[in-house]
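*Asks:* Give me a model of this one.
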Amino acid sequence: MAKVSDVCRLVRSKNAGPFWVTVDLFFDGADSFRRYAGSEALGPETFARLYGTDPALVKRFPVERLNMIKISYPRSSPQGGMVERDLHCGQQYVRLLDVELG
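*Replies:* Numbers count the residues shown, from 1 in each chain. Modelled structure (predicted):
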């Protein structure tokens, strides 16, 4: 079964303002994009499980011309708060690398 790290040439995460995080998944080509971009394994329930967010608030934006999807979700605490461990959210993508896409 293919994992995110097997079919994406780049996966990154970053701030989307002080209350949101965005993850960009750049697939390794049009075939991988068509096959996996709509996978339920990259759906709201996965983000709820991995990041403790409300699945109803997860947003997904496919960008076919770039063979990528952007997925945004609300942060568990505002940027710079007392429990902050990744101020710019640059390491949040790592949890997705081993997600099996089916």
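*Asks:* I'd say residue 53 and residue 74 touch.
*Replies:* Yes - with contact defined as C-beta atoms under 8 Å, residue 53 reaches residue 74; the gap is 5.6 Å. Using the backbone N, CA and C atoms, a C-beta is placed for each residue, glycine as well.
*Asks:* Which residue is most remote from the mean position of the protein?
*Replies:* What lies farthest from the middle of the chain is residue 82; by C-alpha atoms, centre = their mean that is 23.9 Å.
*Asks:* Now name the helix or strand holding the residue nearest the centre of the chain.
*Replies:* By C-alpha atoms, centre = their mean, the chain has its centre lying nearest to residue 23, at 3.7 Å. Residue 23 is part of strand 20-27 when elements are defined by DSSP states H and E.
*Asks:* pLDDT of that strand, averaged?
*Replies:* Computed over strand 20-27, the mean pLDDT rounds to 97.
*Asks:* in its sheet, what does that strand sit against?
*Replies:* strand 8-15 (antiparallel), strand 68-74 (antiparallel) (DSSP bridges).
*Asks:* Off-centre distance for that strand?
*Replies:* Offset of strand 20-27 from its chain centre (C-alpha atoms, centre = their mean, to the nearest Å): 4 Å.
*Asks:* Would you tell me what the next helix or strand after it is?
*Replies:* Assigned by DSSP H and E, the successor of strand 20-27 is helix 30-36.
*Asks:* Quick one: list the elements packing against that following helix.
*Replies:* helix 4-7 (3 or more C-beta pairs under 8 Å, 6 or more residues apart in numbering; DSSP states H and E).
*Asks:* Just the buried residues of the helix it packs on, please?
*Replies:* Under the neighbour-count criterion of 16 or more other C-beta atoms under 10 Å, helix 4-7 has 4, 7 buried.
*Asks:* ditto for stretch 75-85
*Replies:* Neighbour-count burial for stretch 75-85 [16+ other C-beta under 10 Å]: 75, 79.
*Asks:* Extract the C-alpha set from it and format it as CSV.
*Replies:* Provided in CSV are the C-alpha atoms of stretch 75-85 (Å, rounded to 0.1, in the frame of the first residue of the first chain):
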residue,chain,number,x,y,z
ARG,A,75,-4.6,25.0,15.2
SER,A,76,-5.2,23.4,18.5
SER,A,77,-3.9,26.7,20.2
PRO,A,78,-3.1,30.1,18.7
GLN,A,79,0.3,30.7,17.4
GLY,A,80,2.7,31.8,20.1
GLY,A,81,0.6,30.5,22.9
MET,A,82,2.0,28.9,26.1
VAL,A,83,1.8,25.4,24.8
GLU,A,84,3.3,26.2,21.4
ARG,A,85,5.9,23.7,20.2
